[in-house]
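Peer 1: Build me a model:
(one chain, ligands or ions: 2)
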Amino acid sequence: LAEFSSDTVGAIWNELLVLSGQPGVCNLGQGFPDYAGSRVAREAAAAAMTKPAMSELNQYTLPSGLGSLKSAICAYYNKCYGLQEGASRKRAISPENVVVTVGATEGLFVTLHALAGPGDEVIMFNPGFPWYLNTTRIVGATPVLVELHGPDFAPDMEEVEKAITPKTRVLILNSPHNPCGHCYTKKEMEGFARLALKYNLFVISDEVYENVTFGGVKHLRIADEEGMFERTVTVCSASKLFSLTGWRIGWALSTPELLEGLSVYHGNTSYCAPSPLQHGLSVALEAEDGLFEDIPKLVEGNALLLGDALREKGFAITQPQGGHFLVADTTPLGLKGLECAKLLLTQAKVGVVPGIIFYFDDPKNSNGGAGGKEGADNDRPLLRFAICKRRDTMEEAVRRIRAMV
Ligand code: PMP
Ligand code: GLN
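Peer 2: Ligands and ions are numbered 1, 2, ... in the order given. As a prediction, this is how the structure comes out:
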C-alpha cells in the first residue's frame, strides 16, 4: 500500500480517493454511502429510461428542472418545515423558487458566480467544505476566513462581525457542518440574520445534510428567519437526501429574483440535470419511502460506535450533532493529521481524510490557500471519518482501529 506522496491539498484528496478505494481498505474517506440509495428513485428512473411510453423523460427538461420534481420539492419543504403561504417568516415555496442543479456542487458554483465577483469578499468558516474556497477563487472574489474553534466548532458571532468589511457581499453557511458536525442553534441563526440584515449581505446556505441530525437536534433553515428569505440561496442535494451521490442532482431554493442570476450560469453550463433521474427523485420525494428515518439513525449509531473506539485509542472526539462525518483531534497522541491518516491507512487499512483538506489557510491549499504563511506547518491535528456507511463497514473499521498498536 503506497503512502501519500503529494504535497498539495487537491493532489492529496485525489490520491486519497485512489488509496482508500483499494481492495481491502475500509474506506471512511470521501463522503459517500456504501448502502443503496432510494430504491423507489432508482426503479422510477429505470422505468423512465426503458419504458417506451415514458420516452419523453429522456429529453431535456426546462433549465430550472422537471415540473413534477420542482412541485415535489416544494411539497416536501413546505410539509417538513411547516412553511406557510404569504408568511413573513417560514414562507412557503412554489416552483418559481426552485432551480434543479447538477448536484449541490453546481448549485454552489452558479450561485457564487451570480452573487460575487472581483473586488467582493466572501466570508466562510475555517475549517469547511473545500469547494467554497476553490469556487470563490474561480469567481475572482476574495475568501475571508472565520476560524471555528474546537471542541464544538460553533461559530463565534463577534468573530464573524469583525470579518465583515464594506466589500463583504456573501456569507457562506453550512449546517450540519462538513467536516465538524455542528448544527446551528436558533440563537446562532438569529445572529447570522442580524448580521446579514445590518450589513446587507447575501447568504449561501449549504444544507445538503439537512435530514441527518442526531439526538433530537432539529435542522434549522436560515431562510426561515425574519427578512432572510429575500437574501438567501439555500443549496440542497439528492446526493445526501436520497444517498445517490452519483446521480449529480441538487437544487437551489430562493426568490425568483435571486434565481434569475444563477440561472444564467446554470443554463450556460449544464443547461439541465438528467431528466430520468429528476423523474426518479420526484417519485421518491412523493413516496417518502422511509429513508428519512432509517438513514439518520444508522449514521448516528455509527458516530457513537466510532466515537467510543477512537476515544479508547486516545483521540479527542467531537461527537457530531448531524451530517455524515466525525472529526477526531490527534493532539493527545502527539501526531499531526496527515501523519495519523498515513498510519491508519498503512497499519489498519482504514482510509480517512486529514484535516489539512478542510483548512483553507493552509499554504498548500489550492493556489496557496487564503492567508496562510508559506512554509508554515499547518498540518492540523485533525482527522475526518465518513460515517455514512453500513453498520458492518463501521464495525470492521472499529475492529481494525482497536487492533492497532
Ligand atoms: N456541500 C457539502 C457540505 C458537501 O459535503 C458536499 C459533498 N457532497 C456538497 C456540498 C456537494 O454535494 P453534491 O454531491 O450534491 O454535489
Ligand atoms: N461531500 C463529500 C466529502 O466531503 C464528497 C465531496 C466530493 O468529492 N465532491 O467527502
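
Peer 1: Give the burial count for the residue of the chain found nearest ligand 1, as a bare number.
Peer 2: Here the chain gets closest to ligand 1 at one residue, Gly103, 2.7 Å apart by CB to the nearest ligand atom. C-beta coordinates here come from the backbone N, C-alpha and C atoms, glycine included. Number of residues near Gly103 (other CB atoms under 10 Å) recorded here: 22.

Peer 1: Report the contact partners of it.
Peer 2: With contact set as CB atoms under 8 Å, 6 or more residues apart in numbering, Gly103 has these partners: 237, 239, 248-250.

Peer 1: Swap in 10 Å and give it another go.
Peer 2: Applying CB atoms under 10 Å, 6 or more residues apart in numbering, we find Gly103 in contact with 109, 208, 235, 237-239, 245-251, 270, 273.

Peer 1: Mind giving me the ChimeraX command for buried ones among those residues?
Peer 2: Selection of buried members from these for ChimeraX, criterion 16 or more other CB atoms under 10 Å:
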select :109,208,235,237,238,239,245,247,248,249,250,251,270,273
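
Peer 1: State the mean pLDDT of the biggest helix by length in the chain.
Peer 2: Assignment by DSSP state H gives helix 291-312 as the longest helix of the chain. Averaged across helix 291-312, pLDDT comes to 93.

Peer 1: does ligand 1 sit close to that helix?
Peer 2: No - Helix 291-312 stays clear of ligand 1 (CB under 6 Å from any ligand atom), getting no nearer than 13.5 Å.

Peer 1: Could you count how many residues lie near Asp156?
Peer 2: What Asp156 shows, counting by other CB under 10 Å, is a neighbour count of 14.

Peer 1: let me fix that: Glu43
Peer 2: The burial count for Glu43: 13, using other CB under 10 Å.

Peer 1: Number the residues from 15 up from this point.
Peer 2: Noted, 15 is the first residue going forward, which turns the last one into Glu57.

Peer 1: I'd say it and Lys65 touch.
Peer 2: No - using CB atoms under 10 Å as the test, Glu57 is too far from Lys65 to be in contact (11.3 Å).

Peer 1: residues from this protein in reach of ligand 2?
Peer 2: So the chain meets ligand 2 at 44-45, 192 (CB under 6 Å from any ligand atom).

Peer 1: In the stretch 15-164 of the chain, what residue comes closest to ligand 2?
Peer 2: For the stretch 15-164 of the chain, CB to the nearest ligand atom, closest residue to ligand 2: Gly45, 3.3 Å.

Peer 1: Contacts only, for that residue.
Peer 2: Gly45 makes contacts with 143, 192-193, 222-223, 253-254, 259, 337-339, 367, 398-403, as judged by CB under 10 Å, 6+ apart.

Peer 1: Which strands or helices does the helix or strand containing Ala210 pack on?
Peer 2: Using DSSP states H and E, Ala210 maps to helix 200-213. If you count contacts as 3 or more CB pairs under 10 Å, 6 or more residues apart in numbering; DSSP states H and E, helix 200-213 packs onto helix 171-177, strand 182-188, strand 216-220, strand 246-251.

Peer 1: Buried deepest among the ones you listed, which one?
Peer 2: Compared across those, strand 246-251 shows the largest average neighbour count, a mean of 26 (mean count of other CB atoms under 10 Å).

Peer 1: Next secondary structure after the longest helix of the chain?
Peer 2: Helix 305-326 is succeeded, C-terminally, by strand 330-332 (DSSP H and E).

Peer 1: can you give me how far that following strand is from the chain middle?
Peer 2: Chain-centre distance of strand 330-332: 20 Å, with CA atoms, centre = their mean, to the nearest Å.

Peer 1: Please state the mean pLDDT value computed over stretch 187-206.
Peer 2: On average, stretch 187-206 scores 98.
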